[in-house]
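Asker: need the 3D shape of this:
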Amino acid sequence: MPELPEVETVARMVRPGLLGRQITGAEVSWERSLGGLDAETFRDRVTGSSVSKVWRRAKWIVVDLKQGDTPKGHLLCHLRMSGRLHVEPREADMGSYERVRIDLDDGNSLFFLDVRKFGRMVYTDDADERFLGIGPEPLSEEFSSAWFRGALRSRKRQLKPLLLDQSFLAGIGNIYADEALHAAGLHPQRRSDRVPGPRADRLREELRSVLKEAIRREGSSFDTFYRTPEGQPGSYQDQFLVYGRDGRPCRACGRLVKKIVVAQRGTHLCTRCQPAPRG
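Answerer: Below you'll find the predicted structure:
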């Protein structure tokens with residue numbers, strides 16, 4: 001599933017083609033993509049509005065809409081396993097995986113494609129209500145050293161599943177949790193309340209560093225599904241230190257990378273760089 005860097009990349013790439021554009025219509029070929037609305041209601045809600053902002057929250061792409069100067073709800077897109085967004089000429093043949101098409105006043109359309117049909121293109125009047133309970137953004141000022149130290153101390157959970165918990169921290173998934181924990185020299189099963197302050201600071205910095213570099217490289221194409229809206233793969237997978245490298249040498253010390261299961265999730269680590277916690 002695309003994580004923060006992949007979703008951020010998609011949001012940035014579709015933004016220029018959407019900002020300021022008026023929506024002139026919508027076609028829905030897979031109504032379940034709408035998360036509960038019927039196609040006619042969805043079309044009525046979005047048609048006539050214009051796009052005022054395109055941004056990301058956690059693993060959602062958010063398109064703010066307005067009518068004149070008045071806010072008019074939001075489009076929320078979750079790519080899930082195989083969703084893709086493209087801004088292309090309206091007559092473009094996007095194949096049989098097109099689920100939603102939103103027509104724009106410049107002759108282009110926003111296409112939502114989804115092979116596995118797990119993704120969502122949802123209309124909501126209140127995005128804030130949808131995002132209640134999601135943790136801070138790891139690249140925001142809210143994700144401060146003081147907050148992170150306190151948040152780790154107040155939980156008594158293994159680090160890996162805690163980082164994956166979207167109510168704790170937004171946008172982190174399997175790939176970037178494994179990479180940041182390795183870079184910070186922390187075992188994924190170490191308990192959060194037993195991480196000393198300086199080690200917590202290092203983990204915070206590694207999380208931010210890994211995410212920024214992954215965004216710079218337009219995400220990780222770790223399978224055949226993730227491609228940028230330009231149809232290109234990301235390149236951060238070429239930088240992986242441990243993720244997907246089980247049985248191969250650790251790039252830091254040479255010991256073979258190991259794959260274990262933590263909280264039912266495949267987890268990659270180097271047992272030398274990330275010594276097991278005591279007890």
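
Asker: drop to CA atoms for contacts and neighbour counts, all remaining ones
Answerer: Fine.

Asker: by contact count, what packs against the longest helix seen in the chain?
Answerer: Assignment by DSSP state H gives helix 197-216 as the longest helix of the chain. On a contact count with 3 or more CA pairs under 8 Å, 6 or more residues apart in numbering; DSSP states H and E, helix 197-216 meets helix 4-18, helix 145-154, helix 174-184.

Asker: what pLDDT does the nearest residue to residue 175 once chain neighbours are set aside get?
Answerer: Residue nearest to residue 175 in three dimensions, not counting chain neighbours: residue 243, with 6.0 Å by CA to CA, 6 or more residues apart in numbering. You'll see residue 243 listed with a pLDDT of 96.

Asker: okay, now the unreliable bits of the chain?
Answerer: In the predicted model, the chain carries pLDDT under 70 at residues 222-225, 279.

Asker: so what's the closest residue in space to residue 244 that isn't next to it in sequence bridging to?
Answerer: Excluding the flanking residues, the one nearest residue 244 by CA to CA, 6+ apart is residue 268, at 7.0 Å. As for beta bridges, residue 268 partners with residue 259 under DSSP bridges.

Asker: what about residue 268, neighbour count?
Answerer: Residues contacting residue 268 under the criterion other CA atoms under 10 Å number 27.

Asker: can you list the strands that the host helix or strand of residue 27 pairs with?
Answerer: Take DSSP states H and E as the rule and residue 27 turns out to sit in strand 23-28. With DSSP bridges as the test, strand 23-28 is paired with strand 98-104 (antiparallel).

Asker: what's the offset of the strand it pairs with from the middle of its chain?
Answerer: Centroid separation for strand 98-104 versus its chain: 21 Å, with CA atoms, centre = their mean, to the nearest Å.

Asker: any chance you could give me it in PDB, C-alpha atoms only?
Answerer: Provided in PDB are the C-alpha atoms of strand 98-104 (Å, rounded to 0.1, in the frame of the first residue of the first chain):
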ATOM      1  CA  GLU A  98     -11.000   3.500 -14.800                       C
ATOM      2  CA  ARG A  99     -13.400   3.800 -11.700                       C
ATOM      3  CA  VAL A 100     -14.100   7.600 -11.500                       C
ATOM      4  CA  ARG A 101     -13.600  10.400 -14.000                       C
ATOM      5  CA  ILE A 102     -14.000  14.000 -13.000                       C
ATOM      6  CA  ASP A 103     -14.200  16.400 -15.900                       C
ATOM      7  CA  LEU A 104     -12.500  19.800 -15.800                       C
END
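
Asker: and the helix or strand following it, which strands flank it?
Answerer: Following strand 98-104 in sequence order, the next helix or strand is strand 108-114 (DSSP H and E). Sheet pairing of strand 108-114 (DSSP bridges) gives strand 83-89 (antiparallel), strand 98-104 (antiparallel).

Asker: tell me what angle strand 108-114 forms with helix 4-18.
Answerer: Calculated by axes from the mean of the first three to the mean of the last three CA atoms, to 10 degrees, strand 108-114 forms an angle of 150 degrees with helix 4-18.

Asker: what does strand 108-114 contact?
Answerer: With contacts defined as CA atoms under 8 Å, 6 or more residues apart in numbering, strand 108-114 is touched by 18, 79, 82-90, 94, 97-104, 121.

Asker: the same query, at a cut-off of 6 Å, please.
Answerer: 82-90, 97-103 (CA atoms under 6 Å, 6 or more residues apart in numbering).

Asker: just the residues you listed now: which is nearest residue 116?
Answerer: Closest to residue 116 out of those is residue 82 (6.1 Å), distances taken as CA to CA.

Asker: and the residue nearest to residue 244, how far from residue 72?
Answerer: 44 Å (CA to CA, to the nearest Å).

Asker: with residue 92 instead?
Answerer: Distance of residue 92 to residue 72, given as CA to CA: 28 Å.

Asker: residue 8 too?
Answerer: 23 Å.

Asker: hang on, the earlier thing: tell me the helix or strand right after the strand holding residue 27.
Answerer: Heading C-terminal from strand 23-28, the first helix or strand you meet, by DSSP H and E, is helix 39-46.

Asker: the inter-axis angle of that following helix versus strand 23-28?
Answerer: Going by the same axes, to 10 degrees, helix 39-46 makes 160 degrees with strand 23-28.
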